[in-house]
Every structure is written in C-alpha cells, then in structure tokens.
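Chemist: the following block contains a protein sequence and its predicted model.
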Amino acid sequence: DPRVPNLDAVLHDGVHALTDVTGFGLVGHAVGLARQSQVSLLIDLAAIPLLPGAFDHAADSVSAGLAANRARYEPAVEYVGTLTENHKRMVFDPQTSGGLLAAVPAGQVQEFMKYCRDQGQEAWVIGEVVEGNAALGSAPETVNADPEGEGWFARIKVSDASQLDALMDRAAYDQYLTTL
C-alpha cells in the first residue's frame, strides 16, 4: 500500500533528516527536526495530504493530545497569512497516519520524488527548509521567553486555501469509511 510509509523506500542518499509523524502531530515533529538541525521550516498547509473528510471532522472534537501539542508547540510557530481554527488543528492533531517527514536538499527533491515513486511509495513536497531564526542562534532561550514573537522554529502558510475545499464533506467521508 503506497499510503503506508516504507522506511526502506525513503532511505535515499539525499535525505538529511527523517522523522515519523505520529503522536506529536506534524508541527511537533517539524519543530523537533528544525530544532535539531538549527534551521526553520516553511510548511505549506495546502500541500499537506489529508485523509478525505479530515478537515470537516477537525471541528468535531479536540483530543487531549491535540490540546497538549498546541500548548507545547504552537509557541514555536509563526503563521503566515490567515488560517482557520480547523487549519491549525490539522497540523497539531496527533491522529496522523504515521507518515514520514524527510528533509532533502532542494537540488535533489525531484530525484528523491522519483526514487520514492520507483519504490512504490507516495511522497509530497509540503514545504522547505528556510533560514534559521537568527534570534534563536544568539539567544536560544527566546523560544521560551518570547514564543509568540521572535521564538519561532516553523512557519505555516496557505498558498491556496481553495485546494482545501476539494476535500470530502462529512457525508462522503462517512460513506468512504464503510469501504475500508
């Protein structure tokens, strides 16, 4: 199943960093990767693959894990543009499909994507590594002292929010679940 992450399929020479996206949600794992690599990440929300209906269901409940992830990692996020509450929930939600987040040099992305396809593994480019937050280089405590100002590790933007409108509505999602 190409939707199930296959570690062997992404062990490509160009991968600089790799993490599973599980209980800490996408942002939690992205912040960890950025922190360890001393860079920042710009994540394009519209490029993140979502399960059908997930966006509509985001408003239904807030799990304790989601609330904990937001409390812990949202201070390290700078939002670029306007995101709805559901957009934010999607990137902090611990209920992921267990995908992998890989950092690949920009010049090797196409080769990496082809490699994944050749291995039968789906892959998406959801963002880019950008300059490290200079404020953290000289004063790493800024992430705790000024988390809503200069203390960010990851930026999240929506390049084309209308792409999110194409997701299944709740009725279609419920029908989809019956086919699994």
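Modeler: That came through, no problem. Here the structure is a predicted model, which is why all the values come from computation and not from measurement.

Chemist: okay, CA-based contacts and neighbour counts for the rest of this
Modeler: Fine.

Chemist: show me the contacts for residue 85.
Modeler: Not one residue lies near residue 85 by C-alpha atoms under 8 Å, 6 or more residues apart in numbering.

Chemist: ok, now the one 10 residues further on?
Modeler: Remark: with contacts taken as C-alpha under 8 Å, 6+ apart, residue 95 is in contact with 22, 23, 25.

Chemist: ok, and the most crowded of these?
Modeler: Neighbour tally across these (other C-alpha atoms under 10 Å): the maximum, 25 neighbours, falls on residue 25.

Chemist: contacting residues for it?
Modeler: 66, 69, 91, 92, 93, 94, 95, 96.

Chemist: show me which pair in these is furthest apart.
Modeler: Within these, two members stand farthest from each other by C-alpha to C-alpha: 69 and 96, at 12.8 Å.

Chemist: who has more neighbours, these two?
Modeler: Ranked by neighbour count (other C-alpha under 10 Å), residue 69 and residue 96 place residue 69 first, with 22 against 17.

Chemist: that one sits in which helix or strand?
Modeler: Taking DSSP states H and E as the criterion, residue 69 maps to helix 64-73.

Chemist: for residue 123, same thing?
Modeler: Counting by DSSP H and E, residue 123 is part of no helix or strand.

Chemist: make sure it is actually in contact with residue 114.
Modeler: No. With contact defined as C-alpha atoms under 8 Å, residue 123 does not reach residue 114; the gap is 9.2 Å.

Chemist: in terms of neighbours, single out the busier of these two.
Modeler: residue 123 (21 against 14).

Chemist: for that one, phi and psi?
Modeler: Dihedral angles of residue 123 (phi, psi; degrees, to the nearest 10) stand at phi -150, psi 150.

Chemist: contact partners for it?
Modeler: Residue 123 touches 113, 116, 117, counting by C-alpha under 8 Å, 6+ apart.

Chemist: over to residue 20?
Modeler: Neighbouring residues of residue 20 by C-alpha under 8 Å, 6+ apart: 29, 98, 99, 100, 101.
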